[in-house]
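Trainee: next come a sequence and a model predicted from it.
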Amino acid sequence: MLNIKKLFLVASLITFFIAVYFGSIAYMEFMKEDMDEVYLNVSYCALFLSFGFISLQIKENREKYHRER
């Protein structure tokens, strides 16, 4: 069974891969010069990157909290 630390790590890796996916779609739309789709996919990419960093930060904060106890 996954413990909480590994769960946050897996969640952050998944969100980083989703962000890369949206970033690559944004690049392909940029080459086709469809700027509305570029902005939409860049915003999705930024959203998932922020989720990934937040989950890593939560993991670190939980580790720090448990060390202090």
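Mentor: Now that the structure is in, tell me what you want to look at.

Trainee: any weak-confidence spans in this protein?
Mentor: For the chain, the stretches with pLDDT under 70 are 1-2.

Trainee: for it, which helix is longest?
Mentor: When the chain is scanned for its longest helix (criterion: DSSP state H), the result is helix 35-68.

Trainee: could you give the angle of the helix or strand where residue 14 lies to helix 35-68?
Mentor: When secondary structure is defined by DSSP states H and E, residue 14 falls within helix 4-31. Angle of helix 4-31 versus helix 35-68, following axes from the mean of the first three to the mean of the last three CA atoms, to 10 degrees, is 160 degrees.

Trainee: please point out which parts of helix 4-31 sit buried.
Mentor: 8, 11, 12, 15, 16, 18, 19, 22, 23, 25, 26, 29 (16 or more other CB atoms under 10 Å). Where C-beta positions appear, they are placed from N, C-alpha and C, glycine not excepted.

Trainee: ok, now stretch 29-47?
Mentor: When neighbours are counted by 16+ other CB under 10 Å, the buried residues of stretch 29-47 are found to be 29, 38, 41, 42, 44, 45.

Trainee: including distance to residue 51, could those go into a markdown table?
Mentor: Formatted as a markdown table, these follow (distance: CB to CB, whole Å):
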| residue | distance to residue 51 |
| --- | --- |
| 29 | 22 |
| 38 | 21 |
| 41 | 16 |
| 42 | 15 |
| 44 | 11 |
| 45 | 11 |
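
Trainee: most remote residue from the protein's center?
Mentor: residue 69 (29.6 Å; CA atoms, centre = their mean).

Trainee: mind checking how far it is from residue 19?
Mentor: Plainly put, residue 69 is 33 Å away from residue 19 if you go by CB to CB, to the nearest Å.

Trainee: residues touching the residue nearest to residue 4 when sequence neighbours are not counted, list them.
Mentor: What sits nearest to residue 4 in space, not counting adjacent residues and going by CB to CB, 6 or more residues apart in numbering, is residue 62, at 6.4 Å. Going by CB atoms under 8 Å, 6 or more residues apart in numbering, residue 62 touches 4, 5, 8.
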